[in-house]
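Enquirer: Give me coordinates for this.
(2 chains)
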2 protein chains.
Amino acid sequence: MVKVKILSHKKEIECNKEDNLLDVLRENDIFIDAPCNGSMVCGKCKVKLKNGKVDSKMNIHINEEEKKQGYILSCASKVIEDIEIEVPSKLSTSMNEMKIEGSDNNKDKKIFDKAINILKDNSLDFNKKIFKKYIELDEPNLDDNISDIDRIQRHIRNNFGYENIEFSLNLLRKIPLVIRDNNFKVTITYELKNNIVYLIDINTGNTEDEFYGIAVDIGTTSVVVCLVNLKNNEIIGKESSGNAQIKYGADVINRIIYSTKKDGIKLLQHAIVEETINPLIEKVCNKNEIDKEYISYFVVAGNTTMSSLFLGVHADFLRQEPYIPPFVKSPNLSAHDIGLNINKDATVYLAPSVASYVGGDITAGVLSAGIWASEENVLFIDLGTNGEIVFGNKDYMMTCACSAGPAFEGGGISCGMRASNGAIEKVDIDKNTLNPKLKIIGDCNPVGVCGSGIIDIICKMMISGIVDRRGKINKELKNKRIRFNEHDIGEYVLAFKEEYNIENDISVNEVDIDNFIRAKGAIYSGASILIESLGMDFSVIDKVLIAGGIGNSLDIENSIMIGLLPDIDRDKFDYIGNSSLIGSYLTLISNDAKDKLEEIGDQLTYVELSVYPTYMDEFISACFLPHTNIEQFPSVKNILGE
Amino acid sequence: MVKVKILSHKKEIECNKEDNLLDVLRENDIFIDAPCNGSMVCGKCKVKLKNGKVDSKMNIHINEEEKKQGYILSCASKVIEDIEIEVPSKLSTSMNEMKIEGSDNNKDKKIFDKAINILKDNSLDFNKKIFKKYIELDEPNLDDNISDIDRIQRHIRNNFGYENIEFSLNLLRKIPLVIRDNNFKVTITYELKNNIVYLIDINTGNTEDEFYGIAVDIGTTSVVVCLVNLKNNEIIGKESSGNAQIKYGADVINRIIYSTKKDGIKLLQHAIVEETINPLIEKVCNKNEIDKEYISYFVVAGNTTMSSLFLGVHADFLRQEPYIPPFVKSPNLSAHDIGLNINKDATVYLAPSVASYVGGDITAGVLSAGIWASEENVLFIDLGTNGEIVFGNKDYMMTCACSAGPAFEGGGISCGMRASNGAIEKVDIDKNTLNPKLKIIGDCNPVGVCGSGIIDIICKMMISGIVDRRGKINKELKNKRIRFNEHDIGEYVLAFKEEYNIENDISVNEVDIDNFIRAKGAIYSGASILIESLGMDFSVIDKVLIAGGIGNSLDIENSIMIGLLPDIDRDKFDYIGNSSLIGSYLTLISNDAKDKLEEIGDQLTYVELSVYPTYMDEFISACFLPHTNIEQFPSVKNILGE
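Expert: Take a look at the predicted model:
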């Protein structure tokens, strides 16, 4: 056994000699960004060795400068003696400092209201199948000595007209004391299904006013929890953070691979429930002084992999042809089945998936975007770690998925980070000096670049001629911000460490640009093929709705410039925020919306891009700035003067 | 902290100074008989102090002889320093050595067959709602890529005609791997309820032949587990032991009192499930080489307190006027809710109770005894720790309960023990010498007296004039076997230690006889009042069925002689064994029987004796040998020559 002291966390852990350092850190719940899941590809899991030695494999991610400072790549290092390390703070805090769409409350409210109005416009009621009602039971005596359960059942039969009640053992254990605590005056919470009353909770006295639900969006990268007052449907509070599963891989494929390891599924389920959602629930409840026991309904939307892992269900067949999900419709679940720290018997509902790569986040997104009610042709793009696309109107809806990778959320980019404090979200580049003017979230020193920032930077680098349309940096330009390393990989420096007194230069290199181009190419070609499969083209689009939590907002113009979005009338675009969360919220407050959501799940026709004959060609053509065929982007052609 | 070394168990435990010794032993799972639950009444929890000192309260249970030998009463003793003790082996082994009705297989089979024939004679089918079926699912491909769950559902819809399936999260977690292990050829186990298929299990390949259930009788004192092949309804094996809850009190009242202590319910539930039933399941499955995972159905019958504690449900209101049970009908339960070590999703069903003191053991007993189908008037008496009585026929059934205490099962008697090896089960007393001739279970040295033995001994003592009709020992008789202690309490010695080279004399004293007379008086007066409440008397009885596990059998003649049973035609009596277990078995193998059982639960009319005006008088009159009014027992009058 040897010791690993993590100075930054004031923690000391023991491990076996020869253990992999990344594994050791993960097993001990030290948050460390490792999108490639320890395969020495992403170079994100750097830590600083302060004392002792490790046995590190050669890798391209640690440069000479970093080496001098003591940086090592944890996935490439075996612990061979007692060591002391520092895990960089930007990594360890990024989980909690994420800035997600919830930050701008006014804008947020508008987006939610818009979705609510879609329901109203289509005569969907804000009805619920979950109720909380104060009742006064008859007090028992020797002549009326039926059991506690029969007493409750009799009251429900006589007053509400339902014959049958069901309840968990957990609830049965509470009942005798709870009903006697205030002379058989109680409040029952129940769900009505097929005329059967499923008791969720029973409280002493009248607690009708304490009736809450939670809507959740589980993204591959980030998670949002929204606390709702079920009495009046108001949103009480919202909290978000990174998905703690990130330490097991940045995208769904890496997570699935990790899930097949020993205890992998358990660890991944623990990461999302115990390390991500439960702390968010705790936080939002504490802030608003709400007793978690009164949370009776929980609706969650996530992609098919997130849904599987949330339940701890084997997910490996999602990524193996013929790509079969274990389930698409929500099983009947209670909070305690999953370990959610709310009322044990709270009903848990998962938005239905469509296929292995089109999940509940998309059905929920479609619900809130109102495509199912639209006369116009809508192109819906969810820009997440996975990119999902829906095209259609009230008569038909097609969908496909493309693996964009984490680039839109700041992953897969050497200086990428999530949209938290220190993230560069906007850049202007002076055409003459090539000096950048940075807009940084939180107005502090720059730490990295977030998703919306990278779109902006690549667009500006292209316009200023720093990169060409292949994404290569122009070697002709002589400028201190442009440099090439020993492997001849070019980079553009956004911030010199001397400028801001930070530890390292912040730059975007050709590998980053290449990664990003592939991400945006996947989205563009996916949309293109989906519409083509119907014998149409982009000209038939009446509306483009962009969803996803890529930062504060998405700059449409820039996105078209780099070829992420089609070059059509800018008025047709709308950014609709985290549509998955909004759909989850609508489902929570309206049973009609829930029924509609199930309908959407049945209605969406899935197109498997990977077997679509021309997809690969289209993808390769789209891996250009903005596209191999510039004619598809007339306004870019204009600006670039080609 | 001080140390307690238990030499007999080769175990050393630590406790706080001043801790009560009985509590310390219980908390450390040292089995110790303490029927009165530590209130210094029963004198059963004696242990031998070999080294060190304890702080013991004065009590009447340790006589001079025992004191010399080092005996202390553990409930009366505080640990004040390191000690070494021995816990008498007859106590620590009685749990496992119990000899219950299962020992005589031929007799047993006859009793079971009789009950089965009652069902057949009344056209009840041996149908089941639980099924195990081999199915071959379509293998998925890119054109048929519905989810695993939808695939199973589709097969069930197309082949069995049921639209909806439900399944636990536990099962969902198994499905993806299980179905792929043998090309989508699987065996499903399911329960059908309201046309919904509730999946219990899914196995790779064809396991139709491995389809098992368990029927259980949970007695306050003893527990029997019966393993059944659900394919052909055959009983594969049977195991029984004491109820490990005994350490927390001998009767239901003491158990309920213990349940109100901190963690009391948990400990009691643990004792019945983890320490009693699970080991019995393990044993019966191992002996018969059966995989516990294939046990899909579990039916249990027990009194209302046992049912509550089996589920870990608060039981305190059972013993408080107006005596309200938490539930009477079985909630929907799976094995994992309770911690049963069989298939996690196995259906668990509890025989319905009628009232706080007439439980599922009685409804199950009535089912197997066939009273519900009888033209004749049947008096049914269950002689357990609680005595329950049913009187009626196919048109009506009345029931009442009386607290007999554990006397019939060898408890509450100083030398009492369960019907295991070493128990005196029969005695003849020579009228002249007053010497006893003992019949001992297992043909070994005597250890104590079991339930059937105590009936025999008191009867013979009465006939030979050793006790008078009040239960007092005749002081006039000069015999070495008759002696009086310093408190003037008389006793009759059944076995001198020198005769058998055993540690202590075995004797029956006036306190024992008094305890027993109260037990038998409760039963007799209960039956008497129940029939009287209908305006009838014992002459209307066509049949008396005696149930309960009081030993190998019940001697009817002796039972009448001491006034336990009414003095009517001996041909009318029948001993029907453990009718609760048989009823539980019938419920397991026949859904018609289960429906009938529920009907019986609804049909039985409960008479609360404690509020019945003349009950107390009748009880006091019955606390005589055989009765204050000897005219009720003409044949006894005859023999005694009065």
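
Enquirer: average model confidence for stretch A:478-495?
Expert: The pLDDT scores in stretch A:478-495 average 91.

Enquirer: tell me how far the ends of it are from each other?
Expert: One end of stretch A:478-495 to the other measures 17 Å (C-alpha to C-alpha, to the nearest Å).

Enquirer: Let's check: the centremost residue of chain A is which one?
Expert: Centroid check for chain A by C-alpha atoms, centre = their mean gives A:Gly219 as the closest residue, at 1.7 Å.

Enquirer: Report the separation between the closest residue to A:Thr385 other than its chain neighbours and chain B.
Expert: Counting by C-beta to C-beta, 6 or more residues apart in numbering or on different chains, A:Thr385 lies nearest to A:Thr220, which is 3.8 Å off, once chain neighbours are set aside. C-betas here are computed from N, CA, C, even on glycine. Remark: distance between A:Thr220 and chain B (C-beta to the nearest C-beta, to the nearest Å) = 20 Å.

Enquirer: For stretch A:539-550, list the C-alpha coordinates in CSV.
Expert: C-alpha atoms of stretch A:539-550 as CSV (Å, rounded to 0.1, in the frame of the first residue of the first chain):
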residue,chain,number,x,y,z
SER,A,539,-35.9,25.6,-48.4
VAL,A,540,-39.0,24.0,-47.0
ILE,A,541,-38.1,24.9,-43.4
ASP,A,542,-40.4,27.5,-41.8
LYS,A,543,-38.8,27.5,-38.4
VAL,A,544,-35.5,26.3,-36.8
LEU,A,545,-35.7,25.8,-33.1
ILE,A,546,-32.3,25.4,-31.3
ALA,A,547,-32.4,23.8,-27.9
GLY,A,548,-29.6,22.8,-25.5
GLY,A,549,-27.6,24.3,-22.7
ILE,A,550,-24.5,25.4,-24.6
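
Enquirer: I would like the residues contacting it, please.
Expert: For stretch A:539-550, contacts defined as C-beta atoms under 8 Å, 6 or more residues apart in numbering or on different chains pick out A:100-101, A:219, A:222, A:224, A:365, A:369, A:371, A:374, A:376-384, A:408-409, A:419, A:450-452, A:531, A:554, A:556, A:565-566, A:568, A:572-580.

Enquirer: Take these and keep only those in helices.
Expert: If you go by DSSP state H, those have A:365, A:369, A:451-452, A:531, A:556, A:579-580 in helices.

Enquirer: Just among those, which is most surrounded?
Expert: Counting neighbours by other C-beta atoms under 10 Å in any protein chain shown, A:Ser580 comes out on top of those with 35 neighbours.

Enquirer: how far away is that one from A:Cys226?
Expert: A:Ser580 sits at a distance of 11 Å from A:Cys226 (criterion: C-beta to C-beta, to the nearest Å).

Enquirer: Likewise for A:Val299?
Expert: Relative to A:Cys226, A:Val299 is positioned 9 Å away (C-beta to C-beta).

Enquirer: Pull up the overlap in contacts between these two.
Expert: Residues within reach of A:Val299 and of A:Cys226 at once, by C-beta under 8 Å, 6+ apart, are A:214-216, A:584-585.

Enquirer: which of those residues tops the neighbour count?
Expert: When neighbours are counted by other C-beta under 10 Å, A:Ser584 leads those with 35 neighbours.

Enquirer: Please, where are all the helices along the stretch 251-400 of chain A?
Expert: All helices of the stretch 251-400 of chain A, identified by DSSP state H, counting those that start in this stretch, fall at A:252-259, A:264-272, A:278-287, A:304-311, A:335-338, A:360-369.

Enquirer: Identify, out of those, the most deeply packed stretch.
Expert: A comparison of these by mean neighbour count, using mean count of other C-beta atoms under 10 Å in any protein chain shown, puts helix A:360-369 on top with a mean of 32.

Enquirer: per-residue confidence averaged over that one?
Expert: The pLDDT scores in helix A:360-369 average 97.

Enquirer: could you give the angle of that helix to helix A:304-311?
Expert: 110 degrees (axes from the mean of the first three to the mean of the last three C-alpha atoms, to 10 degrees).

Enquirer: Is any residue of helix A:360-369 near chain B?
Expert: No. Shown here: helix A:360-369 not in contact with chain B (C-beta under 8 Å from any C-beta of the partner chain), separated by at least 12.7 Å.

Enquirer: For that helix, output the C-alpha coordinates as CSV.
Expert: C-alpha atoms of helix A:360-369 as CSV (Å, rounded to 0.1, in the frame of the first residue of the first chain):
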residue,chain,number,x,y,z
GLY,A,360,-36.7,11.3,-23.4
ASP,A,361,-34.9,14.7,-23.6
ILE,A,362,-36.0,14.8,-27.3
THR,A,363,-39.6,13.7,-26.7
ALA,A,364,-39.8,16.3,-23.9
GLY,A,365,-38.1,18.8,-26.1
VAL,A,366,-40.6,18.2,-28.9
LEU,A,367,-43.4,18.5,-26.4
SER,A,368,-42.3,21.9,-25.2
ALA,A,369,-41.4,23.1,-28.7
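
Enquirer: Tally up the residues packed near A:Asn638, please.
Expert: A:Asn638 is flanked by 9 other residues according to other C-beta under 10 Å.

Enquirer: what about it, distance to A:Ile463?
Expert: Distance, A:Asn638 to A:Ile463, by C-beta to C-beta: 12 Å.

Enquirer: on that earlier part again, which members of the ones in helices among the contacts of stretch A:539-550 are the farthest-apart pair?
Expert: Greatest spatial distance in the ones in helices among the contacts of stretch A:539-550: A:Ser452 and A:Ile531, 25.4 Å, computed using C-beta to C-beta.

Enquirer: List the single closest residue to A:Leu564 in space, sequence neighbours excluded.
Expert: Leaving out its chain neighbours, the residue that sits closest to A:Leu564 by C-beta to C-beta, 6+ apart is A:Lys520, at 4.0 Å.

Enquirer: State the helix or strand in which the one you found lies.
Expert: Using DSSP states H and E, A:Lys520 sits within helix A:510-532.
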